[in-house]
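Undergrad: kindly generate the corresponding structure for this input.
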Amino acid sequence: GQRQGLGIGGTRDGDGDAWYVAGKDMPNNRLIVVQGREHDALLSNTLKGADLTWISGAPPHCNWVYNAKTRYRQKDSPCTIQSIGDGQCEIAFAESQWAVTPGQSVVIYESRVCLGGGIIQ
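TA: Okay, here's the model as predicted:
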């Protein structure tokens, strides 16, 4: 569970920074961890959103610039949206995003108006 430890603290090759989960390899029952908040494996330029819900009932125009948030109180991040069918879209960010996490929400805005969102895959 959270804050229970992985038994990897104090390793010789570590630099004392915190460890972060960078991914899960479910078929092989492996947890992928990296050290340091700024590790490249924690940054993403794109994400796939699923189970999308749009407030207007229709998806926004593709390739227009919108803003998105992938975590609470995050600063708006410029992005474009591309539909990939089956209620899914690909969101491409102008700048890398930190710790985009599958299972969490992505929310899309146009200016200060919420357009909708979905679940990060």
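Undergrad: check contacts around the residue nearest the centre of the chain.
TA: Compute the mean C-alpha point of the chain, and by C-alpha atoms, centre = their mean the closest residue is residue 100, 2.0 Å away. Taking C-beta atoms under 8 Å, 6 or more residues apart in numbering, we find residue 100 in contact with 44, 47, 70, 120. Just so you know, the C-beta spots here come from the backbone N, C-alpha and C atoms, and that holds for glycine as well.
Undergrad: same check on residue 67?
TA: Under the contact definition (C-beta under 8 Å, 6+ apart), the residues listed for residue 67 are 76-79, 108-111.
Undergrad: weed out the non-buried ones from those.
TA: Listed as buried from the contacts of residue 67 are 77, 79, 108-109; burial here means 16 or more other C-beta atoms under 10 Å.
Undergrad: let me have those residues in CSV, extended by pLDDT and distance to residue 55.
TA: Supplementary listing: the buried ones among the contacts of residue 67 in CSV, determined by pLDDT from 0 to 100; distance: C-beta to C-beta, whole Å:
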residue, pLDDT, distance to residue 55
77, 97, 19
79, 97, 17
108, 97, 10
109, 96, 11
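Undergrad: just put those in JSON lines and tack on secondary structure and distance to residue 93.
TA: Converted to JSON lines, the buried ones among the contacts of residue 67 look like this (DSSP: H, G, I helix; E, B strand; the rest coil; distance: C-beta to C-beta, whole Å):
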{"residue": "77", "secondary structure": "strand", "distance to residue 93": "5"}
{"residue": "79", "secondary structure": "strand", "distance to residue 93": "5"}
{"residue": "108", "secondary structure": "strand", "distance to residue 93": "12"}
{"residue": "109", "secondary structure": "strand", "distance to residue 93": "13"}
